[in-house]
Structure formats: structure tokens, C-alpha cells
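>>> quick one, structure for this:
(one chain, ligands or ions: 1)
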Amino acid sequence: MAEPVNPLSVAGDADLRRLAEVSVELIARAQDPSGAYPAAVGFAPYGFSWFRDGAFVAEGMSRAGAVESATAFHEWCARVLTREAAAVSSLVSQVAAGSQPSDVDLLPARYTLAGDRHDDDWWNYQVDGYGTWLWALRSHLTRWGLPLAPYASAAEVAVRYLVAVGARPCRDWWEEHRDHTHVSTLASVHGGLRAAAMLGVLPATADMAADRIADLVQREGLHDGALRKWLGSTAADASLVVAGVPFGLVPPGGPVDRATVARVTSELSTPGGGVHRYVSDTFYGGGQWPILAGFLGWHHAVAGPRDQAVALLRWIASTADSSGSLPEQVPPLLAPDVLAEWTERWGPSAQPLLWSHGMYLVLASELGVIP
Ligand code: BGC
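Numbers count the residues shown, from 1 in each chain. Next up, the predicted model:
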């Protein structure tokens, strides 16, 4: 068991490394025996496993050398998708026949830790997680030289699902705006399809669908040279940073990537601080999210400048409590008046959030803070 982390003393590399150890332990302890990662501990609405959150948590664990944990999560995803194969086949036939599937015919955003659908009125139908899963699966298998075979048929189900509905309007990363086509969702789907093609999972089909998404974004996804929150919008969203790193929808460090990162930085981040989701965010008052500092830092670690990546890693570490637990979000708030509404509904916001720990591990490994 690692020593507790004092956030005020998180300054040196040893402290940053220790927070990485704490993160690995915390995620491993929270992981269900089924392999599922709950989104958070001690926060009931997040006691489920999201493909989006889990895929990035698995990437962090894979990079940190927790190979069995990441493998167990990918096996859990493969079991869920194998169980969903019939639903996906019927959806693919409906779409091929030109009919419009209703939201209940589409895959949900989150499953119980046992891998079952959970029948409630959650803001389901978000396709990005299935793309992110394919991307994280390839990353893990390639990193550790593991065979595709145990996941191949589940990965085919994910590809067929994304080819059928991956570029249609759906809820975004933040489970909002059901009727728009979100550019960071397209980026996640694109990244997943390219990863599937590289793994040899329906490669021609996957690449063709990824090409169509890249064309769509090229034609309709830009506003003033930067990526837009959704097709037709003029707003920015911090999740757009993923279009370059890691999903390669636009070349990392190229003009669109740089313009997008510049806009996110100027509109949504605080110098020396963290990153908000989007300007009109009111969820828990619209704080700054460690995961988004992780994505922005990842961009800077790959495309430069590196010192900004290090500063963002340190900022994430500064949000840890005395046990090293990382939150979903912290002040400053964009909409302080709305905070009470959420705390009355659900209590204080989620902490620890596993995705925050997963992104901390990704950035720490990208910067060489952990081997
Ligand atoms: C976020 C989602 C996330 C979920 C679980 C929501 O509040 O908007 O992106 O998947 O929490 O962490």
C-alpha cells in the first residue's frame, strides 16, 4: 500500500510517481470481479460501467503495467458485445432497409457491473464509447503482444454497429444534445474504426466508414479553422482535443489540431489551472475537469510544448485529496448558482472518478514520469 499523497507537496517527480501508484491501486480495488470498471466509487449514479470511461481507464492501466486489469476490462466489453450481437444485427438490417431505429434499439452508454442493460431513464445512446473501446483494445493488444482472437467477434459487432450508426446524431461525451452530430463523437468513432482496420477486423469496411467520417468533418466540422462542438455549431468543446491525439481524425500538431487546441485553451482553460467542458456547462456548476487537463496535456506531450503538458499533470495532481483520490471536477465554476441543484439531487460530485485516475496514468506515462 503506497503512502498517502499530500496534494500540497505534489511537486517533485517522486510525488507524481506516488500518485500514479495510488491511482493503479485505487482502480484495481474498484474494479469489479467481472472486469468492469465502475465510473466512480461511492457515487450511486456512477456505479455502472461506461465503455467511454472504462476504455480510457484501461489505457491508463495498460500503460502502467497493470496488464491483467486492462485485459479483464476488455474481456468484459467483449462479453457485453457478444451478448448484444443479435440486437446489433437487427439494427444493421433496419438501417440497411432505410428505417430509422428508435433510441431503445440502440446500445446504451452504460451497463451494470455484471454487464447487463439497466432499465432506467439515463441519457443513453452515445456511440463514442464503442469507438474508444476498439481504439483502446488495439492499443493494449499491440503494447503487450496479445492475441486478437478472444475479442475478434466482439470487435466485429462494434465495427458493424459503428458503420450503421456511428455518424448519426446521438448524445455527446457529456450525455447531452441528443439531436446533434458531435465532432468529438465522430473523432472517437473514426479512431475506433481505424484501429479495427489495423487489427484486421473487417478492415475494408472499417476504413471506408472512417474515410466517410473524415470527409464529413473536413466539409462540415470546422468553424474558423477549428473543430466545432457539433455540425452546424459555432461553439467549442474541450473534448474536441482528442481529434488529434489520440484519435488521428486530424493530424496531431497540424493546423486544425492547433487551431482547436488554441480555442479550447483560450476559452475553456485557466493559465496554470484546469479545463472546463464548454462555456455554457452547468453540471455541478460547470467546474474544471482533471480528465480534460489529461487530454490537453496528452496533446502537448505529443505535439509540444512539453512544459505545458507537465504543468497540466501537476495541476491534476493538485486536485487530489489527502488520500490521493481524484475528483470529477473542481472549482472555479462557470455557473455557481446551479451547484446546489445538483448537490441536492445526488450529493457532492463524484470522487474518486476512475477516469480522472486513468487519464493521470496516461499523461504520466506519456511524459515518462512512470516507465
Ligand atoms: C459525464 C460522462 C461520463 C459519466 C460517468 C457524466 O457526468 O458527462 O462523460 O461518462 O459522467 O463518468
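
>>> the domain parsing of the chain - what is it?
1-30+269-371, 46-253 (automatic domain parsing).

>>> and Trp230, how many neighbours does it have?
20 (other CB atoms under 10 Å). Heads up, the C-betas are built off the backbone N, CA and C, glycines and all.

>>> and what of Gly65?
16.

>>> where's it relative to Leu361, distance?
Gly65 is 10 Å from Leu361, where distance means CB to CB, to the nearest Å.

>>> who in the protein is up against the ligand?
Proximity of the chain to the ligand, by CB under 6 Å from any ligand atom, involves residues 39, 46, 50, 52-53, 173-175, 355.

>>> shared neighbours of Gly65 and Leu361, anything?
The contact sets of Gly65 and Leu361 do not overlap (CB atoms under 8 Å, 6 or more residues apart in numbering).

>>> can you give me the helices in the stretch 1-150 of the chain?
13-30, 51-63, 67-83, 85-96, 128-144 (DSSP state H, counting those that start in this stretch).

>>> so which of the ones you listed gets nearest Val163?
Shortest distance between Val163 and the helices of the stretch 1-150 of the chain, using CB to CB, is found for helix 85-96: 7.9 Å.

>>> what's near enough to touch the residue of the chain most remote from its centre?
No residue in the chain sits farther from the centre than Ala97, which is 31.9 Å out by CA atoms, centre = their mean. Taking CB under 8 Å, 6+ apart, we find Ala97 in contact with no residue.

>>> do I have it right that Ile316 meets Gly324?
No - taking CB atoms under 8 Å as the definition, Ile316 is not a contact partner of Gly324, at 11.6 Å.

>>> before we move on, the earlier item: in TSV, list the domains of the chain along with distance to Ala259 and mean pLDDT.
Shown next, in TSV, are these (distance: least, CB to CB, whole Å; pLDDT from 0 to 100):
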stretch	distance to Ala259	mean pLDDT
domain 1-30+269-371	12	93
domain 46-253	4	97
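
>>> so what does the closest residue to the ligand within the stretch 151-300 of the chain have for phi and psi?
Residue nearest to the ligand within the stretch 151-300 of the chain (CB to the nearest ligand atom): Trp174, separated by 4.0 Å. Main-chain dihedrals, Trp174, degrees, to the nearest 10: phi -100, psi 10.

>>> number of nearby residues for it?
18.

>>> helix/strand/coil for the closest residue in space to it that isn't next to it in sequence?
Spatial nearest neighbour of Trp174, excluding adjacent residues (CB to CB, 6 or more residues apart in numbering): Arg277 at 6.0 Å. Following DSSP: H, G, I helix; E, B strand; the rest coil, we place Arg277 in the coil state.

>>> tell me who's in contact with Arg277.
Arg277 sits in contact with 174, 237-239, 268, 283, 286, 289, 292, where contact means CB under 8 Å, 6+ apart.

>>> can you redo the residues you listed as JSON lines with secondary structure?
Shown next, in JSON lines, are the contacts of Arg277 (three-state DSSP):
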{"residue": "Trp174", "secondary structure": "coil"}
{"residue": "Asp237", "secondary structure": "coil"}
{"residue": "Ala238", "secondary structure": "helix"}
{"residue": "Ser239", "secondary structure": "helix"}
{"residue": "Leu268", "secondary structure": "helix"}
{"residue": "Phe283", "secondary structure": "helix"}
{"residue": "Gly286", "secondary structure": "coil"}
{"residue": "Trp289", "secondary structure": "coil"}
{"residue": "Leu292", "secondary structure": "helix"}
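
>>> restricting to C-alpha, output stretch 45-62 in CSV.
The C-alpha atoms that make up stretch 45-62 are tabulated as CSV, following Å, rounded to 0.1, in the frame of the first residue of the first chain:
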residue,chain,number,x,y,z
PRO,A,45,-25.4,7.2,-10.3
TYR,A,46,-21.9,6.2,-11.5
GLY,A,47,-21.9,2.7,-10.0
PHE,A,48,-22.1,1.4,-13.6
SER,A,49,-19.5,0.8,-16.3
TRP,A,50,-19.3,3.1,-19.3
PHE,A,51,-17.4,2.0,-22.4
ARG,A,52,-16.1,5.6,-22.8
ASP,A,53,-14.7,6.0,-19.2
GLY,A,54,-13.6,2.4,-19.0
ALA,A,55,-11.7,2.3,-22.2
PHE,A,56,-9.5,5.3,-21.1
VAL,A,57,-9.1,3.8,-17.6
ALA,A,58,-8.0,0.5,-19.3
GLU,A,59,-5.5,2.5,-21.4
GLY,A,60,-4.1,4.1,-18.3
MET,A,61,-3.8,0.7,-16.5
SER,A,62,-2.3,-0.9,-19.7
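
>>> quick check: buried residues in it?
46-62 (16 or more other CB atoms under 10 Å).

>>> stretch 191-205 too?
Buried residues in stretch 191-205 (16+ other CB under 10 Å): 191-197, 199, 201-202, 205.
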